[in-house]
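**Q** Below: sequence and its predicted model.
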Amino acid sequence: DAGVTQSPTHLIKTRGQQVTLRCSPKSGHDTVSWYQQALGQGPQFIFQYYEEEERQRGNFPDRFSGHQFPNYSSELNVNALLLGDSALYLCASSSGGTGYEQYFGPGTRLTVT
Amino acid sequence: GQSLEQPSEVTAVEGAIVQINCTYQTSGFYGLSWYQQHDGGAPTFLSYNALDGLEETGRFSSFLSRSDSYGYLLLQELQMKDSASYFCAVKDLDDKIIFGKGTRLHILP
């Protein structure tokens, strides 16, 4: 049973560039949530996708956007990268649009220089 | 504002019992979840409480009191591998998922 997978593992970008991160949910899950985690902090909710629509959104600017595909996989796009966007980006999957029991992927470590 | 409060660090001895508390202030509440995260790893789901009371899963138990906006995670028979950060998380009425800042658990031999 495949768990949540994310790609790439690490990424280095320059300020102003754009980045796309990818996530495949755990088998049987249809809901994907994205989080940003700074070192020593808890995950910060970016948004959740269910039925190919953004259902909820945290306090992140419009530079952060996403997409969910019919196979439930998802992408997170960040435009006009800032130094402060450097963080671990986590994808979590769950079922039925809920977020009570989430399974996290290993994350993508994004460094903006 | 919405917030979850948990101690930043807790230290306990191997084989002992430790309790990690979490108080929350959110616009509505569906339930309280707990996650464990080892250094360099991803959070892993431990438990979820929607109703008041104690839920037990092996060495780990989680408690919720909705009237007190309070919950805790209880870890028994501590092992060195339990050294990690522990996060409480809630889903509010806007369906936003909010995590606490985490409690770093140090275990002494």
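**A** It's in.
**Q** CA atoms for contacts and neighbours, from now on please.
**A** OK.
**Q** Give me the distance between residue A:92 and chain B.
**A** 9 Å (Cα to the nearest Cα, to the nearest Å).
**Q** typed the wrong thing, it's residue A:31
**A** Taking Cα to the nearest Cα, one finds residue A:31 at 13 Å from chain B.
**Q** Any idea what that residue is bridged to?
**A** residue A:50, residue A:94 (DSSP bridges).
**Q** near chain B, which residues of chain A?
**A** Residues of chain A lying close to chain B (Cα under 8 Å from any Cα of the partner chain) are A:40-45, A:56-58, A:90, A:99-107.
**Q** Give me the neighbour count for the residue of chain B found nearest chain A.
**A** Per Cα to the nearest Cα, residue B:101 is where chain B lies closest to chain A, at 4.3 Å. If you count neighbours by other Cα atoms under 10 Å in any protein chain shown, residue B:101 ends up with 22.
**Q** So the most centrally placed residue in chain A versus residue A:73, what's the distance?
**A** Central residue of chain A (Cα atoms, centre = their mean): residue A:34, 3.2 Å from the mean position. Distance check for residue A:34 against residue A:73: by Cα to Cα, to the nearest Å, it reads 12 Å.
**Q** what do you get for residue A:52?
**A** To residue A:73, residue A:52 is 9 Å away according to Cα to Cα.
**Q** go on, residue A:87?
**A** For residue A:87, the distance to residue A:73 (Cα to Cα) stands at 21 Å.
**Q** Comparing these two, which residue is more hemmed in?
**A** Taking neighbours as other Cα under 10 Å, residue A:87 and residue A:73 compare with residue A:73 leading, 23 against 18.
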